[in-house]
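Undergrad: Fold the following and give me the result.
(2 chains)
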2 protein chains.
Amino acid sequence: MKDALAHTHARIQPYVHNTPVLTSHLLDELAGATLYFKCENFQRMGAFKMRGAVNAIMQLSVEEQQSGVVTHSSGNFAQALALAARSLGVAAYIVMPSNAPRVKKEAVLAYGGQVVECAPTLTAREQAAQQIVEERGATFIHPSNDLNVILGQGTAATELLAVQPALDYIFTPVGGGGLVAGTILAAQYFGRNCRVVAGEPATMNDAYRSWQSGTIEGNDAGDTIADGLKTQLGDINFPIIQQGIDAIILVSEDEIVAAMRLIWERMKIVVEASSAVALAALLKEKTRYAGKRIGIILSGGNVDLSKLPF
Amino acid sequence: MKDALAHTHARIQPYVHNTPVLTSHLLDELAGATLYFKCENFQRMGAFKMRGAVNAIMQLSVEEQQSGVVTHSSGNFAQALALAARSLGVAAYIVMPSNAPRVKKEAVLAYGGQVVECAPTLTAREQAAQQIVEERGATFIHPSNDLNVILGQGTAATELLAVQPALDYIFTPVGGGGLVAGTILAAQYFGRNCRVVAGEPATMNDAYRSWQSGTIEGNDAGDTIADGLKTQLGDINFPIIQQGIDAIILVSEDEIVAAMRLIWERMKIVVEASSAVALAALLKEKTRYAGKRIGIILSGGNVDLSKLPF
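TA: Numbering: from 1, shown residues only, chains lettered A, B, ... in the order given. Predicted structure coming up:
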């Protein structure tokens, strides 16, 4: 697996940014720990999802690539797959619900993706994607429950550990599970006893409940400002998370907004609410992590400036 | 003067950040030029003002330093002088109008400054500052019309030219004139035929009118979202600007907000409206600068997130 991680990083490097690692004395003081922020908000198309999308497409055969890729998503993975596909000269079909925000569809189109609209239900999305697989021979790429996607997402932590090898912990948000699973693999193979902690919105705590129960739990009918985290774990990433996660910490909506505001005001960078969940989790349990060296993956920076929670 | 600039940079280096220079393919495409953004929003206390404040205090004698420094400002220079003074073990008295926002006073206090309140008129501010000079022997430091402040502000461009020596232009905003005057000096001594252009809000176009008339003009009763630029030129910086500026470009409030939004959305960084004035000026006259290598000084990132113009 260590080789797979290293090869993944070498493979995708020409198509992704090695994003900067930022520090903040003020946030260190506030947390009582030494923090290293891996800024995936500066990644191409604005989020870590680019890494997994590039890797998944690159692992296809030439024949498969010629028939294109398809996914259903209205979030960052839709844009990531579109841009990754364009970068690699591959067609990308993005199934989106008809009620998805116009700005999301336009972003996919701007990155060269082909938007296929469907009714706003999970069944309709899956059917529409399946139809494209059958009719065009395109390969379906899942946003998080795919080993090549997971390995791709893990390269953020690989890069972080390359410049900060002695981290005690890496914090990430958890939604669909691709980022945290990839981070666990990277921490196990490139860290020196580096443990991984995930933050999750308390209102959509399916990953927490899955970790507790040992089986994949669904989301209740909750909602969260961290809209990138409304997804659930899958059968490929869950075993990795289950064996490797150190803790999942639940945070309230207020705690997410407060952490987001701290990052914007103190670090002067734009991150989406999902990104702030990791810092919110650390600040909630800061006595437990006092004095530690902690990496925090700021997962993305795609926000609608007209709808800020401040 | 070249030595003075180099010595200034060496002198203040331990107390300021050598801020990163960021690029953006998308903004390059939009501008039709190659842009290098000097990110003073990541500077200590969030703005380039830190540079001039540190330099002005360091150029005082030990005796002068023991009696402290005083300024009147309700903006970034107030915070900069407070933090610079604390970093250098010097007392700082900041005269602020009684109606200044509470958050501004608290920021000065947090940086160790002593806030002296006065009536909200320029006369009252000058009198209060003069009283502190007389009673405590403190040295008055002007936010922009002071050669040591100007030299300090010029170090941002010095650093930018050290990593991008072949710039054709550097764009800055113009308010009190300290940043643009310092940038002109740095461009003349460290650039290779590098010219300086300033952006100014059309609603407070005193620098533009001064440049046209050859004498320092005051502001009309206008207003601008770029609240750091509501000041006017002084007799020390104006001659430098008058002999060295290539152009002053006026931009509307809408153009400032649009440029600010572009920087936030595309570069994922938080900049204040005053910073966006430089990019707005370039975009307004982009045909004139097509194909050039252009440095843009993003002057600061101190914004009130509750009062965004989006």
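Undergrad: for chain A, which residue is closest to the average position?
TA: Centroid-nearest residue in chain A, with C-alpha atoms, centre = their mean: residue A:179, separated by 4.6 Å.
Undergrad: Now it. Nearest residue, chain neighbours left out?
TA: Distance criterion C-beta to C-beta, 6 or more residues apart in numbering or on different chains; nearest residue to residue A:179, sequence neighbours excluded, is residue A:153 at 4.6 Å. For every residue, glycine as well, the C-beta is placed using N, CA and C.
Undergrad: From the contact counts, what lies against the helix or strand where the residue nearest to the centre of chain A lies?
TA: For residue A:179, the enclosing helix or strand under DSSP states H and E is helix A:178-190. Here helix A:178-190 touches helix A:2-12, helix A:147-163, strand A:169-173, strand A:195-201, helix A:237-244, going by 3 or more C-beta pairs under 8 Å, 6 or more residues apart in numbering or on different chains; DSSP states H and E.
Undergrad: pLDDT of the fourth one, averaged?
TA: Over the span of strand A:195-201, the pLDDT mean works out to 98.
Undergrad: Kindly format the C-alpha coordinates of the helix or strand following it as CSV.
TA: As assigned by DSSP H and E, the chain's next helix or strand after strand A:195-201 is helix A:206-213. Output of helix A:206-213 as CSV, limited to C-alpha atoms (Å, rounded to 0.1, in the frame of the first residue of the first chain):
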residue,chain,number,x,y,z
ASP,A,206,-23.8,9.1,10.4
ALA,A,207,-20.0,8.5,10.4
TYR,A,208,-19.9,8.8,14.1
ARG,A,209,-22.7,6.3,14.5
SER,A,210,-21.1,4.0,12.0
TRP,A,211,-17.9,4.1,13.9
GLN,A,212,-19.7,3.3,17.1
SER,A,213,-21.9,0.5,15.7
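Undergrad: From start to finish, how long is stretch A:38-48 in a straight line?
TA: Start and end residues of stretch A:38-48 are separated by 10 Å (C-alpha to C-alpha, to the nearest Å).
Undergrad: Tell me if that stretch is near chain B.
TA: Yes - residues of stretch A:38-48 contacting chain B under C-beta under 8 Å from any C-beta of the partner chain: A:41, A:42, A:46.
Undergrad: Enumerate every residue touching the second one.
TA: Right, the one you point to is residue A:42. In this structure, residue A:42 makes contact with A:17, A:19, A:20, A:301, B:268, judged by C-beta atoms under 8 Å, 6 or more residues apart in numbering or on different chains.
Undergrad: Can you select the buried ones among these for me in PyMOL?
TA: A single PyMOL command is used to select the members of those judged buried by 16 or more other C-beta atoms under 10 Å in any protein chain shown:
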select buried, (chain A and resi 19+301) or (chain B and resi 268)
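Undergrad: Flag every residue of chain A that's near chain B.
TA: A:20, A:41-42, A:46, A:261, A:264-265, A:268-271, A:301, A:305-306, A:308, A:310.
Undergrad: Which members of those are classed as buried?
TA: Taking 16+ other C-beta under 10 Å as the criterion, what is buried in the residues of chain A next to chain B is A:41, A:42, A:46, A:261, A:264, A:265, A:268, A:269, A:270, A:271, A:301, A:308.
Undergrad: quick check, nearest of those residues to residue B:144?
TA: residue A:268 (22.4 Å; C-beta to C-beta).
Undergrad: Now do the closest one, the pLDDT please.
TA: At residue A:268, the predicted lDDT confidence score is 98.
Undergrad: any idea how far it lies from residue A:96?
TA: From residue A:268 across to residue A:96, the span is 33 Å (C-beta to C-beta, to the nearest Å).
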